[in-house]
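Undergrad: prediction below, plus the sequence it came from.
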Amino acid sequence: MPADQTRPKPPRPRLRVLRQVVRDGRNTVPAVLLALAATAATLTVPLVVRRVVNGFTEHRSVTGSVMLMTTLALFGAVAAALSSFLLARAGESMVLTVRQRVVAHALRLPLPGARRLGAGELVARVTSDSAQLRSVVDIGVTQLPMATLTVTATLVIMGLLDWVLLLIVLGTFSVAGLAIAVFVKGIRHSTAAQQEAIGELAQRFTSALGALATVKACRAEAQVTDAIGDDATSAAGSAVSAARRQAFVTPIMGLGQQLALIGVVLGSGARLASGALSVAGFAAFLLYLLQLIAPLTLVANGVSRLQLGFAAQSRIEDVLAEETEDAVSSPQGQGDGKTEGEARAAGSAPEGNAEAGGAAVEFEQVVFSHDGERRAADALSFAVPRHGVTALVGPSGAGKTTALDLIERFLVPGGGAVRVLGRDTRRWPLHDLRAQVAYLDQAFTLLEGTVRENLLLGRATPVADDALWAALTAVGLDDAIIRLPQGLGSTVGRADDLSGGQRQRLALARVLLTDASVVLLDEPTSQLDSINENRLRDVIERLSRDRAVVVVAHRISTVRQAHHIVVLDEGRCLDTGTHDELLDRCGTYAELVRGQRLGLRVTAGV
Ligand SMILES: Nc1ncnc2c1ncn2[C@@H]1O[C@H](COP(=O)(O)OP(=O)(O)OP(=O)(O)O)[C@@H](O)[C@H]1O
């Protein structure tokens, strides 16, 4: 259920890439100054050529002019190279900032929001879309303004040299410009479609890699390859369409130049004959005309590339516009019916409640729906004691995982209240709540990193290796880690380095090292061998001595180990009690235990 419909939507965040880069004065100011200097040098060379030609016709020494011309050309080249490097540095620094911002934002999205956007799409924003932003910087900061400046200045100088010839040039280039405008019109649409297809390709491929074992087991490699191939084909189709249009820009510009050249040569006869134009002036005019093509092409191509960068910027802004967990369920943003004073009193004295024997977790008339229609929690009420194992049991779809997600505040209730250590989850600062609630998913997920990093995930303070080994010994994993090439420094997490049972024990050791008062465990549905099953039971037992362990139980052995059992069905709590009590009085529980409505393994004697 949406967190709060009445809260006004915050303004859409703007990346303002150009502004960011311009503000990076350390690189941008010298880059722009050098680009201006290079442009000035390039514009001056033809005027010096005129002096050289005049020198030849007037039999003067041209050595000084030739040296000046060479120096200007060299200076222009060096200044352009330096400018381009400084701008690249500013661009990469901006891309780095954007990538860091998107990664930080994506990791703070609420789980349902992040899942809806999709891992592949988010990866595409951080990789290809962020890289596209470079074109905004490269084109927008110097190339396009400098090219526009060069074109304008060149046309002004050409006009000063001979305004009649300039009119001929303007006439032919106007026709070429119109033709190009027709071609580039559809480029933005094609490139946007291409980037969208790349996002979908990344999404589908990421999902297929995540499900690789299933794909292989179903012999679906060819089928999935075809589906991913369709996205790749769509991306290629859009790219080819854009390339087809882009391909015409430079030749049309070249054609315009050739026509202008012919027009100028034809028109120059009368101008030279009438003495309105000198030979040296004509040579300089021709040089300017030849120089015009590069900046003009750049302007034509630059506009479409700039649009491409802005489209990428807009897609990244779409992600940044998604509200983070803190914004969606901030303590200020949500009311729970309590006054601030009551909430503070409850939240500030969890230990006091513990001594008074208060519940570790309490659901009070909780209402939640994933899709706004069916309720996964429907006036759900139950309590979890401070110590011991509490098993959540119920048929598939009863709302067990939803209940865990509500405790961890992956989800926010639409009605009622979930209290952890006496305090409404919406009143807890998120960071503090999650320091109190450890979560172990079914896959006992490890991140790619060293054993040490996995054990200390989320901890800011260092922990002595002795403590790490003690935790590993407690879960029976010390021998296996000693055998790894670099012990605690060995990299794990790619699913090919540790067995399923070893991953499970490493994840459990991580929980042992935390100070969490509540441990949530979504028990794996897959069969564990009896040694691992016993180990898991031992660790749960050990954890439950001084913490509350809430386990979504799929095994009868876990249910029997539980001190307290909560029976859920259709988002409601049907009954709570011990195994024997519930067998006697709760028909649904008895049915579950007999394995008729849930895949619980029935063992002899039950
Ligand atoms: N992301 C989702 N979008 C829509 N509905 C969902 C989503 N997740 C769960 N549900 C629905 O919410 C209800 C409770 O689901 P939940 O996963 O909490 O049940 P469960 O008891 O953990 O089931 P299982 O034992 O099969 O894992 C079900 O009807 C389910 O279809």
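TA: Thanks, I have it.

Undergrad: not counting residues beside it along the chain, what's closest to the closest residue to the ligand within the stretch 151-300 of the chain?
TA: Closest approach between the stretch 151-300 of the chain and the ligand, counting by C-beta to the nearest ligand atom: Ser207, at 15.3 Å. Every residue, glycine included, has its C-beta placed from N, CA and C. In this structure, Ser207 finds its nearest non-sequential neighbour in Gly120, 6.6 Å apart by C-beta to C-beta, 6 or more residues apart in numbering.

Undergrad: give me every residue that touches the closest residue to Val361 other than its chain neighbours.
TA: Excluding the flanking residues, the one nearest Val361 by C-beta to C-beta, 6+ apart is Val384, at 4.0 Å. Residues counted as contacts of Val384 (C-beta atoms under 8 Å, 6 or more residues apart in numbering) are 359-362, 390, 518, 548, 550, 564, 566.

Undergrad: can you list the residues you listed in CSV and add secondary structure?
TA: Compiled in CSV, the contacts of Val384 are given as follows (DSSP: H, G, I helix; E, B strand; the rest coil):
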residue, secondary structure
Ala359, coil
Ala360, coil
Val361, strand
Glu362, strand
Thr390, strand
Val518, strand
Ala548, strand
Val550, strand
His564, strand
Val566, strand
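
Undergrad: just name the closest of the residues you listed to the ligand, please.
TA: After measuring those against the ligand - C-beta to the nearest ligand atom - the closest member comes out as Val566, at 11.6 Å.

Undergrad: show me where the stretch 251-400 of the chain has helices.
TA: For the stretch 251-400 of the chain, the helices defined by DSSP state H, counting those that start in this stretch cover 279-321, 325-328, 340-348, 350-355, 400-407.

Undergrad: okay, these in CSV with distance to Leu111 next?
TA: Formatted as CSV, the helices of the stretch 251-400 of the chain follow (distance: least, C-beta to C-beta, whole Å):
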stretch, distance to Leu111
helix 279-321, 15
helix 325-328, 8
helix 340-348, 23
helix 350-355, 25
helix 400-407, 7
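
Undergrad: those: which one's closest to Val366?
TA: Relative to Val366, the nearest member of the helices of the stretch 251-400 of the chain by C-beta to C-beta is helix 400-407, separated by 6.5 Å.

Undergrad: could you list the domains of the chain?
TA: 17-198+234-327, 356-443+516-593 (automatic domain parsing).

Undergrad: residues of the stretch 401-550 of the chain that sit close to the ligand?
TA: 401-402 (C-beta under 6 Å from any ligand atom).

Undergrad: all strands of the stretch 401-550 of the chain, in order?
TA: Secondary structure of the stretch 401-550 of the chain (DSSP state E, counting those that start in this stretch): strands located at 415-420, 423-424, 437-440, 449-450, 491-492, 518-522, 548-552.

Undergrad: quick one: the helices in the stretch 101-250 of the chain?
TA: 111-117, 119-124, 130-137, 144-161, 163-184, 187-210, 212-217, 221-247, 249-273.

Undergrad: got those helices as JSON lines, with mean pLDDT columns?
TA: Shown next, in JSON lines, are the helices of the stretch 101-250 of the chain (pLDDT from 0 to 100):
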{"stretch": "helix 111-117", "mean pLDDT": "87"}
{"stretch": "helix 119-124", "mean pLDDT": "87"}
{"stretch": "helix 130-137", "mean pLDDT": "85"}
{"stretch": "helix 144-161", "mean pLDDT": "90"}
{"stretch": "helix 163-184", "mean pLDDT": "86"}
{"stretch": "helix 187-210", "mean pLDDT": "82"}
{"stretch": "helix 212-217", "mean pLDDT": "80"}
{"stretch": "helix 221-247", "mean pLDDT": "86"}
{"stretch": "helix 249-273", "mean pLDDT": "86"}
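
Undergrad: Leu33: how many residues sit nearby?
TA: Neighbours of Leu33 under the rule other C-beta atoms under 10 Å: 14.

Undergrad: where's it, which helix or strand?
TA: helix 25-57 (DSSP states H and E).

Undergrad: which of the residues in that helix are classified as buried?
TA: Going by neighbour count (16 or more other C-beta atoms under 10 Å), the buried part of helix 25-57 is 27-28, 31-32, 34-55.

Undergrad: among the residues you listed, which ones lie close to the ligand?
TA: Of those, not one also sits near the ligand (C-beta under 6 Å from any ligand atom).

Undergrad: mind checking the SS state of Val66?
TA: Put simply, Val66 is helix when judged by three-state DSSP.

Undergrad: so where's this structure uncertain?
TA: In the predicted model of the chain, residues 1-9, 327-357, 443, 493-496, 524-532, 596-606 satisfy pLDDT under 70.

Undergrad: redo that, cut-off 50
TA: Low-confidence segments of the chain (pLDDT under 50): 1-5, 330-357, 596-606.

Undergrad: identify the residues contacting the closest residue to the ligand within the stretch 51-200 of the chain.
TA: Closest to the ligand within the stretch 51-200 of the chain is Pro112: 6.3 Å, counting by C-beta to the nearest ligand atom. With contacts defined as C-beta under 8 Å, 6+ apart, Pro112 is in contact with 370, 410-411.

Undergrad: got the residues of the stretch 251-400 of the chain near the ligand?
TA: So far as C-beta under 6 Å from any ligand atom goes, the stretch 251-400 of the chain lies against the ligand at 370-371, 374, 376, 394, 396-400.

Undergrad: show the buried residues in the residues you listed.
TA: Among those, the ones that count as buried by 16+ other C-beta under 10 Å are 376, 394, 398-400.

Undergrad: now for those: which two are most distant?
TA: Largest separation among those by C-beta to C-beta: Ala376 and Gly394, giving 11.4 Å.

Undergrad: thinking again about what came up before, adding neighbour count, write the contacts of Val384 out as a markdown table.
TA: A markdown table is the format used below for the contacts of Val384 (neighbours: other C-beta atoms under 10 Å):
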| residue | neighbour count |
| --- | --- |
| Ala359 | 19 |
| Ala360 | 28 |
| Val361 | 26 |
| Glu362 | 20 |
| Thr390 | 25 |
| Val518 | 22 |
| Ala548 | 25 |
| Val550 | 28 |
| His564 | 18 |
| Val566 | 25 |
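
Undergrad: most widely separated two among the residues you listed?
TA: Using C-beta to C-beta, the pair of the contacts of Val384 lying farthest apart is Val518 and Val566, separated by 14.2 Å.

Undergrad: and the most centrally placed residue in the chain, what does it touch?
TA: What sits nearest the mean C-alpha location of the chain, by C-alpha atoms, centre = their mean, is Leu122, with 3.8 Å. Going by C-beta under 8 Å, 6+ apart, Leu122 touches 102, 106, 114, 319.

Undergrad: switch these over to JSON lines; also include neighbour count.
TA: Listed next are those as JSON lines, based on neighbours: other C-beta under 10 Å:
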{"residue": "Val102", "neighbour count": "20"}
{"residue": "Ala106", "neighbour count": "21"}
{"residue": "Ala114", "neighbour count": "17"}
{"residue": "Val319", "neighbour count": "21"}
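
Undergrad: widest-spaced pair of those?
TA: Every pair of the contacts of Leu122 checked by C-beta to C-beta; the farthest is Val102 and Ala114, at 12.2 Å.

Undergrad: Ser135 and Gln307 touch, don't they?
TA: No. If you go by C-beta atoms under 8 Å, Ser135 and Gln307 don't touch, sitting 9.5 Å apart.
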